[in-house]
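S.K.: how would this look folded up:
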Amino acid sequence: MFEDTDFERTIELGERSLGYLKAYETPATPRNYELLYAFAAGHYRELSAAIRRVVTDLGRIGAAEADRLYTRFLSPLRLGNKLEDLGADFSREMNNVAGHLHASADAIDSYAGSLDRIGEESGRVSSPNEIALLSRRLGTETRRMLNDQKMLKEHLALSIGQIEDLRHQIEYLRAETSKDLLTNIANRDYFEHVLDHAMAEADQTGAELSLLFADIDGLKAINERFGRAVGDAVLRLVARTIKANIKGGDTLARFGGDEFAVILPDTNEDQARAVAENIRAVIEAKCLVRKSTNERFGSVTISVGLTQYRQGDSHDSIVLRTDALLYAAKKAGRNCVKYRLKESEQLAREAC
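M.R.: Below is the predicted model of the structure:
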């Protein structure tokens, strides 16, 4: 009876989820189905409240809003569960390896004991029959030992394969947790980690290190005029353009909102300025067009602040200095690059 009831409930929830997809004009992707299934089940109060607010404000849940909702409410749960599963799998495989090694050690001890006994007995035998018997025993023990080692090798090969698969899954999960899902580039946490590492390396080697912040000019106005979907498209466009115009060893991250950060190792001030000016010019030359209607939204510009790492800089000091240069570029009229602060310009961030 319980199984029948449970089956009927899941079917009902599935039908309601499909109904929500249609009613809210939400793209019918697996992630969005999962999002609205969770809403239909009512398991997460905060998610349900957030969906109702979006529907009240917009009347629908578009792709961008669904992505934001999923990222905020369901991704952490999935990642947490996945981490627990991977941890349990890894522990199980390591226990298997330990068990096989213990069994092998016991087999080796047993073989050594047999050899000792055969050695002791060999000093007391005199007839050919006794020698032949000891020889057969030695052969039997040796074959048993070789068979045990063969089985150990097979078990270890299987466990090593499983552990390698787990390693790849962990690496994938690490990459997923370091990614900004909207723009598909690194997120703020990953930026903080890489910057600390790059600063430590610059301290040790004396290598040049530059930091660049870029902010999209007028993104709020774009959102208000054309909608969040267009604003999200602008964010993705800028992210792709910056990524296409930096080196493979550089790190691009979404610092927050409409702001991007680029860590440029082995790059001096002149080289960083050239990179920044090129990115700014390439973005300015682009024109946003809606493919479905060929509607033109005009060009997009960015303001850029960049600085070099100085011996003795802390994480906060270089970020603060780069941030101040970015906002100096905003105050200077936007669509420009600032790389040096005047004495009159404050280091504190100001709203522009």
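S.K.: gap between stretch 313-329 and the chain center?
M.R.: 26 Å (C-alpha atoms, centre = their mean, to the nearest Å).
S.K.: Would you mind giving the domain segments of the chain?
M.R.: Listed by automatic domain parsing, the domain ranges of the chain are 2-61, 79-177, 180-338.
S.K.: Quick one: end-to-end distance for the longest one.
M.R.: Separation of the first and last residues of domain 180-338 by C-alpha to C-alpha, to the nearest Å is 26 Å.
S.K.: just checking, what packs against the helix or strand where Thr142 lies?
M.R.: For Thr142, the host element (DSSP states H and E) is helix 128-177. Contacts defined by 3 or more C-beta pairs under 8 Å, 6 or more residues apart in numbering; DSSP states H and E place helix 128-177 against helix 75-122. For every residue, glycine as well, the C-beta is placed using N, CA and C.
S.K.: Can you tell me which helices and strands the helix it packs on packs against?
M.R.: In terms of contacts (3+ C-beta pairs under 8 Å, 6+ apart), helix 75-122 is packed against helix 128-177.
S.K.: Strand partners (parallel or antiparallel) of the very next helix or strand once past the helix it packs on?
M.R.: Where DSSP H and E defines the elements, the next helix or strand beyond helix 128-177 is strand 179-180. Using DSSP bridges, strand 179-180 pairs in its sheet with strand 185-186 (antiparallel).
S.K.: Could you tell me the angle between the helix or strand following the partner strand and helix 128-177?
M.R.: Once strand 185-186 ends, the next helix or strand along the chain (criterion: DSSP H and E) is helix 188-205. Going by axes from the mean of the first three to the mean of the last three C-alpha atoms, to 10 degrees, helix 188-205 is angled at 110 degrees with respect to helix 128-177.
S.K.: Do me a favour and average the pLDDT over helix 188-205.
M.R.: For helix 188-205, the per-residue pLDDT values average out at 91.
S.K.: picking up where we left off before, mean neighbour count and distance to Asp67 for the domains of the chain - can I get that in TSV?
M.R.: Converted to TSV, the domains of the chain look like this (neighbours: other C-beta atoms under 10 Å; distance: least, C-beta to C-beta, whole Å):
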stretch	mean neighbour count	distance to Asp67
domain 2-61	14	8
domain 79-177	13	14
domain 180-338	17	6
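S.K.: Of all those domains, which one is nearest Arg72?
M.R.: Closest to Arg72 of the domains of the chain is domain 2-61 (C-beta to C-beta; 7.3 Å).
S.K.: element containing Asp215, please.
M.R.: Taking DSSP H and E as the definition, one finds Asp215 inside strand 209-216.
S.K.: any idea which of the domains of the chain scores lowest on pLDDT?
M.R.: Mean pLDDT values for these show the minimum at domain 79-177, a mean of 76.
S.K.: how far away is Lys338 from Arg236?
M.R.: For Lys338, the distance to Arg236 (C-beta to C-beta, to the nearest Å) stands at 25 Å.
S.K.: ditto for Ile131
M.R.: According to C-beta to C-beta, Ile131 and Arg236 sit 83 Å apart.
S.K.: List the residues that contact the closest residue to Ala261 other than its chain neighbours.
M.R.: Spatial nearest neighbour of Ala261, excluding adjacent residues (C-beta to C-beta, 6 or more residues apart in numbering): Phe255 at 4.3 Å. Phe255 makes contacts with 188, 191, 213, 261, as judged by C-beta atoms under 8 Å, 6 or more residues apart in numbering.
S.K.: Report the contact partners of Ser178.
M.R.: By C-beta under 8 Å, 6+ apart, Ser178 lies in contact with 186-187, 189-190.
S.K.: what's the most distant pair in those?
M.R.: Among those, the pair separated by the greatest distance (C-beta to C-beta) is Ala186 and Asp189, which sit 8.6 Å apart.
S.K.: And the domains of the chain: which comes nearest Phe73?
M.R.: Across those, closest to Phe73 is domain 2-61 (C-beta to C-beta), at 4.2 Å.
S.K.: Could you tell me whether Thr183 really is in a helix?
M.R.: No - according to DSSP: H, G, I helix; E, B strand; the rest coil, the state of Thr183 is coil, so it is not within a helix.
S.K.: List phi and psi for it.
M.R.: When read as degrees, to the nearest 10, the backbone of Thr183 gives phi -100, psi -10.
S.K.: from memory it sits against Arg254, does it?
M.R.: Yes - assessed by C-beta atoms under 8 Å, Thr183 is found in contact with Arg254 at 5.3 Å.
S.K.: Can you check which residues contact both of these two?
M.R.: Listed contacts common to Thr183 and Arg254 are 235, 239; contacts here mean C-beta under 8 Å, 6+ apart.
S.K.: Give me the residues contacting stretch 198-214.
M.R.: Applying C-beta under 8 Å, 6+ apart, the contact partners of stretch 198-214 are 195, 238, 242, 251, 255, 259-269, 271-272, 275-276, 279-280, 302-309, 311, 313, 315, 318-319, 322-323, 325-326.
S.K.: go with 6 Å
M.R.: The contact list for stretch 198-214, computed with C-beta atoms under 6 Å, 6 or more residues apart in numbering, reads 260-268, 272, 276, 302, 304-309, 318, 322, 326.
S.K.: do stretch 256-266 as well
M.R.: 188, 191, 194-195, 198, 207-210, 212-216, 219, 249-255, 272.
S.K.: For Thr307, what is the enclosing helix or strand?
M.R.: Assigned by DSSP H and E, Thr307 falls in strand 302-308.
S.K.: Within the sheet, what are the partner strands of that strand, with directions?
M.R.: Partners of strand 302-308 in the sheet, by DSSP bridges, are strand 209-216 (antiparallel), strand 337-338 (parallel).
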